[in-house]
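> Have a look at this fold, sequence not included:
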């Protein structure tokens, strides 16, 4: 498949987050729900999926190093299992964020998670983008709040983001605020009622990936 083509429902792709400062990546294999120019790319990440996540050298989550240390401490690549009830990830062409839907045990919507990131790029394998740290949590009743503002401040203070980049990230947040207030797509699209096709298998990590720590058996 060329990097400009669109995928079909049921195709398996990866959703990758990279950084300019570290070689580690966040890689989530998922199954395509839909993909078109207007509605963007919608991907289901199933529970139990093997994913790659950056961690501290002892295997702890990056956040354990604090709001500044998580951007400066050495990190390694780990393989882990995606837990919970699965998430629906929606990438929006040209928008500075993606929207993730988290579901409760009964299948109802828990929240929308607005992940600020650079507009995604298509690759042969899936999509890639840079995470911008700051996020918004939107509840089904449409009230919302910011998440990880302290981490963005930490990233700026250690030079992970320049002051100009941090300013642009906050402006991206205001773009998301406006879309939430207007209840624009994808909030209005009915994805809160999504249920994955039971015939879909869990996609594997592509064979070319490597990792230093295998945490799939960690309790």
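Yep, it's here. Quantities reported herein were computed from a predicted structural model and do not represent experimental measurements.
> Where does the residue nearest the centre of the chain sit: helix, strand or coil?
Compute the mean C-alpha point of the chain, and by CA atoms, centre = their mean the closest residue is residue 115, 6.4 Å away. Recorded secondary structure, residue 115: strand (DSSP: H, G, I helix; E, B strand; the rest coil).
> who's it bridged to?
residue 98, residue 135 (DSSP bridges).
> From residue 100, how far out is it?
6 Å (CB to CB, to the nearest Å). C-betas here are computed from N, CA, C, even on glycine.
> In contact with residue 98: list those residues for me.
Residue 98 is in contact with 89, 90, 91, 92, 114, 115, 117, 120, 129, counting by CB atoms under 8 Å, 6 or more residues apart in numbering.
> Check which helices and strands the helix or strand bottoming out on mean pLDDT in the chain is in contact with.
Taking mean pLDDT, DSSP states H and E as the measure, the chain has strand 121-122 as its least confident helix or strand, at a mean of 94. Helices and strands touching strand 121-122, by 3 or more CB pairs under 8 Å, 6 or more residues apart in numbering; DSSP states H and E, are strand 126-138.
> Show me how far whatever helix or strand comes next after the strand it packs on is from its chain's centre.
Scanning forward in sequence from strand 126-138 by DSSP states H and E, the next helix or strand is strand 144-147. Put simply, strand 144-147 sits 16 Å off its chain's centre (CA atoms, centre = their mean, to the nearest Å).
> residues in contact with strand 144-147?
Taking CB under 8 Å, 6+ apart as the rule, strand 144-147 contacts 114, 134, 135, 136, 137, 138, 173, 177, 180.
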